[in-house]
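Asker: From the sequence below, what's the structure:
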Amino acid sequence: MMKIHFIAIGGSAMHNLALALYKKGFTVTGSDDEIVEPSRSRLAACGLLPEAPGWFPAKITAGLDAIVLGMHARGDNPELVRARELGVKILSYPEFLYEQTRDKIRVVIGGSHGKTTITSMIMHVLRESGMAFDYMVGAQLDGFDTMVGLSNDSRIAVFEGDEYLSSPEDRRPKFHLYHPHIGVLSGIAWDHINVFPTFENYVEQFRRFAELIEPGGRLFYFNGDPLLREIAAAQRHITCTEYQAHPAEVRGQQTFLISGDERIPLRIFGEHNLQNISAAQAVCHALGVGDERFYQSIGTFTGAARRLEVLAENSTTAVFRDFAHSPSKLKATTRAVKNQFPGRRLIACMELHTFSSLKKEFLPHYHHTMNDADEAYVYFNPHTVEHKKLEPITSEMVSEGFGTPGLRVTTDAEALFATLETKRWENANLLLMSSGNFNGLDLHGFARKITGE
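Answerer: Next up, the predicted model:
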């Protein structure tokens, strides 16, 4: 089996790929200058945790079959320099995934929002249907030990298609490297402005994704996005099929899919999830899963980690955590919770954590995105702004950018949660939205405290 070395093995995607290759029987080594949980414990459990932090050129030998290079590594990384000197093959992890699945039917889910959930839904249904498949997804899922899975006998590979850059040496978006036979585009909303400085440049990446679908392949796209309709209309080498939100109804506090005379109860909710279900159903049908099997399976889908994840609940209160950080995700997630529980007050808290969200020029894109909340809070850490080498922002800038009446802005996470703890939580929900972790606070513990779990 192949000998693979990971430069920056501690990353979320990187360590999961390392674990997947180890389980496949590969010889795996790696280095990193810092490895935090849960990567640290998971690598240690398989004997893959580097003996010491740092970069060690002596680990790079001509006997390696390939280097997998993570985004965390810089171009002058000592191990990378040594690999170039020896002529060892250097691949980004999307390139490596493509090499491993070159002879398989590749399904790639792209879009500014929903791609993790759609990928997770497809994986859940295929597993419930007894179908073998390789996969890569950006969240931990129930029933899957790792976020990457590779095998020798499956004929299908399902990948979440991230538009961010592939590696320090390869500036192409990751989802350009997979060349799918079946593609999905869920929607376009400007993100990653540190890499794509104009909206037009960002949109171009999704147009290119569609062009890179294998000739004779298929693209499923959300028909509510005019940009996607334009992209689909320009494709001549593939079949493009639109989808929309699946018909549904809400009874009490539960959502039911409508299929003819049937009503299928769901464990998830929200307009975006109804769109995601339609995308997943279209892909599963293209892979040979019938509607009856699909509905049986989707009814047991509980969601991906940090995607409207329930941290704790009782009969009158629920605490949700969501990865929402871009304006479109923030607005959709806040509205979904309010609409699902119209009789409860909604207290929504958002952490500005990404490069785009902390850039003062981007703040106006958040205008009115939290208006569906009864109380809205925004937290940001000035140290994070400094670490990302951005111009400082102020609470006044954030408040003006969001434009939500009564919005409270804070730079003190502990003070924010102390305020939340004093509130009356009967008939009220709490929604915590961030791609970070609110300065490392124990969100599960806090959720259990206010719900009495």
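Asker: Could you list the domains of this structure?
Answerer: Per automatic domain parsing, the structural domains of the chain span 3-88, 96-298, 309-451.
Asker: so Arg82 makes contact with Ala62?
Answerer: No: between Arg82 and Ala62 there is no contact under Cβ atoms under 8 Å: 10.4 Å. From N, CA and C alone the C-beta is placed, and that goes for glycine too.
Asker: who's more crowded, these two?
Answerer: Arg82 (18 against 8; other Cβ atoms under 10 Å).
Asker: Identify each buried residue in the host helix or strand of the more buried one, please.
Answerer: Counting by DSSP states H and E, the element that carries Arg82 is helix 78-86. The neighbour-count check on helix 78-86 (16 or more other Cβ atoms under 10 Å) flags 78-80, 82-83 as buried.
Asker: Stretch 202-219 now?
Answerer: By neighbour count on 16+ other Cβ under 10 Å, the buried set for stretch 202-219 is 202-203, 205-207, 209-210, 212-213, 217-219.
Asker: where do the helices sit along the stretch 151-300 of the chain?
Answerer: Secondary structure of the stretch 151-300 of the chain by DSSP state H, counting those that start in this stretch: the helices cover 199-211, 226-233, 271-286, 291-298.
Asker: Could you list the residues in contact with the last one?
Answerer: Helix 291-298 has contacts (Cβ atoms under 8 Å, 6 or more residues apart in numbering) with 121, 124-125, 128-129, 257, 259, 262, 264, 266, 277, 280-281, 284-285.
Asker: So which bits of that helix are buried?
Answerer: 293-295, 297-298.
Asker: is it true that Glu375 touches Gly406?
Answerer: Yes: shown here, Glu375 and Gly406 form a contact pair, counting by Cβ under 8 Å, at 7.1 Å.
Asker: between those two, which one's more packed in?
Answerer: Using other Cβ under 10 Å, the more surrounded residue of Glu375 and Gly406 is Glu375, with 18 against 9.
Asker: who does the residue nearest to that one when sequence neighbours are not counted bridge with?
Answerer: Using Cβ to Cβ, 6 or more residues apart in numbering and skipping the chain neighbours, the partner closest in space to Glu375 is Ile347 (4.5 Å). Per DSSP bridges, the residues bridged to Ile347 are Glu375, Leu430.
Asker: Show the model's pLDDT score for Ile347.
Answerer: Predicted confidence (pLDDT) for Ile347: 98.
Asker: Near it, how many other residues are there?
Answerer: Ile347: 19 surrounding residues under other Cβ under 10 Å.
Asker: Please apply the same query to Thr198.
Answerer: Per other Cβ under 10 Å, the neighbour tally for Thr198 reads 10.
Asker: rewinding a little: among the buried residues of helix 291-298, which one lies nearest to Leu150?
Answerer: Leu150 has its nearest neighbour among these in Ser297, at 22.8 Å by Cβ to Cβ.
Asker: in what helix or strand does the closest residue in space to Glu160 that isn't next to it in sequence lie?
Answerer: If the residues on either side of it in the chain are set aside, Glu160 comes closest to Thr119, at 4.3 Å by Cβ to Cβ, 6+ apart. Thr119 belongs to helix 115-128 when elements are defined using DSSP H and E.
Asker: Quick one: end-to-end distance for stretch 105-121.
Answerer: In stretch 105-121, first residue to last residue: 18 Å (Cα to Cα, to the nearest Å).
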